[in-house]
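Novice: next come a sequence and a model predicted from it.
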Amino acid sequence: MGMKLTFCSLDRLSVVSFILLAVCGSLSDCYDPLDPNGNITVTFDTLRWTDDGYEAAVNIQNYHQYRHVGSPGWRLGWTWAGAEVIWSVTGAFATQLGNCSHAFKSRLPHSCRRDPVIRDLAPGAKPEDRAPGCCSGGVLSASAVDPVRSVSSFKLVVGNLNRDETGEPPVNLTLMAPGPGYTCSPLLVVDPTVSTAIYGQRQEQVFRTWKSTCTYSTFLAYKIPTCCVSFSAFYSPAITPCPTCSCGCRAADQNAITCIRQGYTSDSATFAGVTDTVQCTDHTCPVRVHWHIKNNYMSHWRVKLTVSNYHYSRNYSSWNVLVQHPGFRQAADTFSFNSASLPSAGFSDDVALFWGLDFYNKDLLQIDGNQVGSVTSEILIKKDLSSFTFRNGWGFPRKVYFDGENCVMPLPDNFPMLPSSSRSSSSLALTPWLLLHFMHLVLFTRHSLRP
């Protein structure tokens, strides 16, 4: 009996594990320790009652530290619990009117669909159509990059309820941001939202609040990875490329249009009817992140970080790169990117976030002819002299993310190695460090003996 119970417990555990993997794709999709609180929260606040319904403010807040919502922006949809209609929307719009002819003759609602889809207005919207927090084309910044632009809001007037009804929360909430990947919880009743007025001296709360949390899964968003990482170093002539077929493999047929061979122009891609294609490479990824150890100093080392766009028809606006690396336990100096240190849960290595400068390299441009679009910056990273070593890949990142997506890393065995005939020889492995230390000592001695 005891053995049978043990096997039943194992079977149940296996079933649960299988379900988790099927839903999330991998455990990293269920919980991201590099961004433990990352999600998008949707809040419905009832501001006032009307004769046949209510006026509500809808707030979309991006709590992801490094994952933003790019163009063409978010789309928010739901299904009404009853026969509700949307009389008007301010700061956004419903994508379809629906059939309103059966019940509304004197006044036309904004949307009669039982499952409306809402989109944000463009930045150039008219003043009378705008609402506080609206009109960014649905683009939401990552919270660590620009907290002010990480939120979007709009107002709507809901009607067609009986006088004794106050309405139920919508169901089947969906968020496209801009594609799939997000799964939203049901809208639940929570404590009413409280705001301040009169210079913070008065508190005011709404009549009621419904809230939903939308979590992200790469497994749902993409069938294959979207970026890869390559390495090089000053002390090694070999370059560690992105792993072959990181983002899928090229077809054997040279005439296949899954990618465009080098030497073709973007016009030829358009001519072939391809609207979403990349340059043919061994890795076939739209984006490559390259980490080059450029110089080794006494207390610092210099790294060159380059991001290349192999896409023929897409620019990456407001891009960002997240790097998990032990060197970021201390602040790093970055010359051509913005940067910030981010907290992580359960990791000894710290995490740094890099993104472009306004009007300089905020957009990662597509291929122009044979010229691959790229952005680059050099980074000065302080050494922890008690633990610094080039051995075992210390100088290279543990993980790299581009626009919130985990990039395919080379295997550690392929990392650039020190030019030593014996990898186990610690004296040879430390030669660059000892040589620089000796040169520094000689210069210091000569300076001190100078009359």
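Specialist: Cool, got the structure.

Novice: use CA for all of it now, contacts and neighbours both
Specialist: Fine.

Novice: wait, doesn't residue 291 sit right on residue 306?
Specialist: Yes: in this structure, residue 291 is within contact of residue 306 by Cα atoms under 8 Å, at 6.8 Å.

Novice: ok, these two, which is more surrounded?
Specialist: Higher neighbour count among residue 291 and residue 306: residue 291, with 22 against 16, using other Cα atoms under 10 Å.

Novice: any idea which helix or strand carries the more buried one?
Specialist: Using DSSP states H and E, residue 291 sits within strand 287-296.

Novice: ok, then the element right after that strand?
Specialist: Next element after strand 287-296 (DSSP H and E): strand 300-309.

Novice: and the angle for the strand holding residue 291 with strand 300-309?
Specialist: Relative orientation of strand 287-296 versus strand 300-309 (axes from the mean of the first three to the mean of the last three Cα atoms, to 10 degrees): 160 degrees.

Novice: which secondary structure elements does strand 287-296 contact?
Specialist: If you count contacts as 3 or more Cα pairs under 8 Å, 6 or more residues apart in numbering; DSSP states H and E, strand 287-296 packs onto strand 227-233, strand 300-309.

Novice: including mean pLDDT and distance to residue 60, could those strands go into TSV?
Specialist: Supplementary listing: the helices and strands packed on strand 287-296 in TSV, determined by pLDDT from 0 to 100; distance: least, Cα to Cα, whole Å:
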stretch	mean pLDDT	distance to residue 60
strand 227-233	96	28
strand 300-309	93	30
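
Novice: for those, which one sits closest to residue 91?
Specialist: strand 300-309 (33.6 Å; Cα to Cα).

Novice: immediately after the closest one, which helix or strand?
Specialist: With elements assigned by DSSP H and E, the helix or strand that comes after strand 300-309 is strand 316-317.

Novice: which residues touch that next one?
Specialist: Here strand 316-317 makes contact (Cα atoms under 8 Å, 6 or more residues apart in numbering) with 70, 71, 362, 363, 364, 365, 366.

Novice: residues touching the fifth one, list them.
Specialist: Residue 364 sits next to 308, 309, 315, 316, 317, 319, 373, 374, 375 when contact means Cα under 8 Å, 6+ apart.

Novice: who wins for neighbours among the residues you listed?
Specialist: Ranked by neighbour count (other Cα under 10 Å), these have residue 309 at the top, with 25 neighbours.

Novice: how close does that one sit to residue 180?
Specialist: Going from residue 309 to residue 180 by Cα to Cα, to the nearest Å gives 22 Å.

Novice: one more: residue 100?
Specialist: 30 Å.

Novice: if we can go back for a sec, buried ones in the strand holding residue 291?
Specialist: Neighbour counts over strand 287-296 (16 or more other Cα atoms under 10 Å) mark 287, 288, 289, 290, 291, 292, 293, 294, 296 as buried.

Novice: nearest residue to residue 362 in space, please, no chain neighbours.
Specialist: residue 356 (4.0 Å; Cα to Cα, 6 or more residues apart in numbering).

Novice: now the one you found. Its backbone dihedrals?
Specialist: Per-residue torsions, residue 356: phi -80, psi 160 (degrees, to the nearest 10).

Novice: on that earlier part again, any idea which of the helices and strands packed on strand 287-296 is most buried?
Specialist: Comparing the helices and strands packed on strand 287-296 by mean neighbour count (mean count of other Cα atoms under 10 Å), strand 227-233 comes out on top with a mean of 24.

Novice: right, and the helix or strand after it?
Specialist: Downstream of strand 227-233, the first helix or strand assigned by DSSP H and E is strand 236-240.

Novice: C-terminal to that next one, what's the next element?
Specialist: That would be, after strand 236-240 and using DSSP H and E, strand 259-260.

Novice: what pairs with that next one, and is each one parallel or antiparallel?
Specialist: As defined by DSSP bridges, the strand partners of strand 259-260 come to strand 278-279 (parallel).

Novice: quick one: contacts of the partner strand?
Specialist: 258, 259, 260, 261, 262, 284, 285, 286, 310, 311, 312.

Novice: measure residue 141 to residue 201 for me?
Specialist: Distance, residue 141 to residue 201, using Cα to Cα: 31 Å.

Novice: neighbour-wise, which of the two wins?
Specialist: residue 141 (26 against 7).

Novice: which non-adjacent residue is nearest that one?
Specialist: Per Cα to Cα, 6+ apart, closest to residue 141 is residue 150, 4.5 Å.

Novice: list the contacts for the one you found?
Specialist: Residue 150 makes contacts with 61, 62, 63, 68, 140, 141, 142, 143, as judged by Cα under 8 Å, 6+ apart.

Novice: most surrounded residue in these?
Specialist: Neighbour-wise, the contacts of residue 150 (other Cα under 10 Å) top out at residue 142, 28 neighbours.

Novice: so how far is residue 403 from that residue?
Specialist: From residue 142 over to residue 403 (counting by Cα to Cα), the distance is 9 Å.

Novice: pull up the overlap in contacts between those two.
Specialist: Contacts common to residue 142 and residue 403, judged by Cα under 8 Å, 6+ apart, are 66, 67, 68.

Novice: the last one against residue 138, yeah?
Specialist: No: contact between residue 68 and residue 138 fails when scored by Cα under 8 Å: they sit 10.7 Å apart.

Novice: hang on, the earlier thing: so which of the contacts of residue 150 are in strands?
Specialist: Secondary structure assignment by DSSP state E places 61, 62 of the contacts of residue 150 in strands.

Novice: check the contacts of residue 150 and tell me the two furthest apart.
Specialist: So, the contacts of residue 150 by Cα to Cα: farthest apart are 61 and 68, at 10.9 Å.

Novice: return the residues in contact with residue 82.
Specialist: Counted by Cα under 8 Å, 6+ apart, residue 82 has contacts 167, 168.

Novice: how is this structure divided into domains?
Specialist: Annotated domains of the chain cover 39-220, 224-248+276-414 [the TED database].

Novice: what sits against the residue nearest to residue 362?
Specialist: By Cα under 8 Å, 6+ apart, the neighbours of residue 356 are 318, 319, 320, 336, 337, 338, 362, 363.

Novice: closest to residue 407 among those residues?
Specialist: Closest approach between these and residue 407, by Cα to Cα: residue 320, at 12.5 Å.

Novice: hang on, isn't that closest one packed against residue 402?
Specialist: Yes: in terms of Cα under 8 Å, residue 320 counts as a neighbour of residue 402; the distance is 6.0 Å.
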